[in-house]
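S.K.: test case, fold it:
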Amino acid sequence: MPPDPQGSKPNSLANLLADVSRCVKCGRCLSVCPVFKETGRETEAARGKLSLIESASAEEIRASSKRLKEIVSFCLLCGACAENCPNLVPGDAIIQRARETFNAKDSLSFPLRLAISHILPSPDRMDQIHRTGKIIQPLFMKKVPLESGLYWRFPVLRDKNTRLVPNVAKESFLEKHSSEKSPKHPSAALFVGCVSNYVYPAIAEAAFAILQYLNISVLIPAEQACCGLMAFGTGITEIDRELAKKNIAAFESKDSIPIVAFCSSCSSHLKNYSELFEEGEWKERALKFSRRVEDFSEFLIDEGFQNRSDFHSIDSALRLTFHDPCHLRRKQGIFEQPRNLLKSVKGVEFVETGEENLCCGSGGSFNLSHYDLSLKIFRRRLQSIEKADVDTVVTSCMGCLLQFLDGLYQENRIIRVKHLAEVLRLSLPR
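M.R.: Predicted coordinates:
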């Protein structure tokens, strides 16, 4: 989240309205909003949302009608509006704050609200869900025939039947490494994140292997939790602050080393933890924490990974492109670093698609609450990729990776999707 222009409490109603008033309704945001491009509805672009917020009375905002909550939910928080606003209005930040002010969590589906409010904040519950998932996924994800009555009894599973639902890992990354002795003098700490920990630990292993290849002694705090971005995006900021405190405490034992996050959405949110707190102890601790956070790509560039001379050529030539996560390009201003890293890999032909600034439609929980619309947004991004005739799409956000895997599955396209760490690991000496 960009810094509050007023330097005030994020959920302050007065300052929310003051920020909204800076919008001059020029309409520039309409031309770049991925949601508006698909729906054509004014209420689903930043200008429309800000106009409704500004015109509502304080009583109406506090009452926060169901329709108003629904309108503010139609936003990916991708930041395209803020990036292109001539008056520097942070439309995405205002909409996120509106969700918090309007108590928009009430409009979330029960499973999503349950997951954010009661499961994500507890690593123990996350571990229990993971253990349960390993047991039941063979039955409910693969072996129950569609014609059986079970899908009707479990409507969530019925809905998921059309999606590509990844299996949970047999062993989580943190579970595997929790028994390892922490290095006495680590030179970096690794933030893992939920998806890579429980679903794609191979990506975390790839990032870990690359850091070891660079002779970096890596600390992996077992007490780390979800970064909190999904709670933040839905306006459940109290859960986000709770998770932030867990992570700050987990990484404080070695407060002088960088914290490397290989999911760019995680790194973006971790860098902005200080915005979650007012002045005081946690504000100071969050500032110290956030100053240590580095995205995986910028950390590797700073460490000179791209200049190594002992790389091996990958086994099969790849014609690939890089999909810029919104939380990497817009929120962190990182663009060249992942490209330079990929271009350093022998056997890779790197191409641009010409529309790298398009959102893929994931948007954290947006993919869950507005699934059909998220796929329409994805298809627009896919068009430029298909024109570029690439065989592999590389990204560095776990949300984007999941969106591409499912979107390509829905469109029946044979294009590989890889995390940046996976591709870079292929070049390491065997």
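
S.K.: so what pLDDT did His130 get?
M.R.: pLDDT recorded at His130 is 82.

S.K.: go on, the one 5 residues further on?
M.R.: pLDDT recorded at Ile135 is 69.

S.K.: same question, the one 10 residues further on
M.R.: The score at Pro145 is 50. That number is its pLDDT.

S.K.: now swap in Lys181 and tell me
M.R.: 87.

S.K.: where is the longest helix in the protein?
M.R.: helix 371-387 (DSSP state H).

S.K.: got a list of contacts for it?
M.R.: 34-35, 37-39, 74, 76, 163, 321, 323, 353-355, 358-363, 366-367, 393, 403-404, 407-408, 410-411, 413, 415 (Cβ atoms under 8 Å, 6 or more residues apart in numbering). In this view, the C-beta of every residue, glycine as well, is placed from N, C-alpha and C.

S.K.: again, only this time at 7 Å
M.R.: Helix 371-387 has contacts (Cβ atoms under 7 Å, 6 or more residues apart in numbering) with 34-35, 37-38, 321, 353-355, 358-363, 366-367, 393, 403, 407, 410-411.

S.K.: next SSE after that helix?
M.R.: strand 392-395 (DSSP states H and E).

S.K.: what's that following strand in contact with?
M.R.: Contacts to strand 392-395, defined as Cβ under 7 Å, 6+ apart, come from residues 318, 320-323, 325, 342, 385, 401, 404, 415-420, 423.

S.K.: for the host helix or strand of Ile95, name the packing helices and strands.
M.R.: According to DSSP H and E, Ile95 maps onto helix 91-101. Contacts defined by 3 or more Cβ pairs under 7 Å, 6 or more residues apart in numbering; DSSP states H and E place helix 91-101 against helix 13-20, helix 46-55, helix 66-73, helix 80-84.

S.K.: now the helix or strand following it: mean pLDDT?
M.R.: Counting by DSSP H and E, the element after helix 91-101 in chain order, helix or strand, is helix 110-114. Average pLDDT, helix 110-114: 76.

S.K.: if we can go back for a sec, of all the helices and strands packed on helix 91-101, which one is nearest Phe208?
M.R.: Nearest to Phe208 among the helices and strands packed on helix 91-101 is helix 80-84 (33.0 Å), distances taken as Cβ to Cβ.

S.K.: avg pLDDT for the closest one?
M.R.: Confidence over helix 80-84 (mean pLDDT, whole number) is 94.

S.K.: got it, and stretch 398-412?
M.R.: 93.

S.K.: how about residues contacting that stretch?
M.R.: 163-164, 193, 195-196, 263, 265, 323, 325, 360-362, 364, 367, 375, 378-379, 382, 393, 395, 415, 417, 419.

S.K.: just to revisit the earlier point, can I get the helices and strands packed on helix 91-101 in TSV including distance to Ala244 and mean neighbour count?
M.R.: As requested, these are exported to TSV (distance: least, Cβ to Cβ, whole Å; neighbours: other Cβ atoms under 10 Å):
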stretch	distance to Ala244	mean neighbour count
helix 13-20	21	18
helix 46-55	26	20
helix 66-73	23	17
helix 80-84	22	21
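
S.K.: now those in JSON lines, with distance to Lys181?
M.R.: Listed next are those as JSON lines, based on distance: least, Cβ to Cβ, whole Å:
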{"stretch": "helix 13-20", "distance to Lys181": "48"}
{"stretch": "helix 46-55", "distance to Lys181": "50"}
{"stretch": "helix 66-73", "distance to Lys181": "46"}
{"stretch": "helix 80-84", "distance to Lys181": "45"}
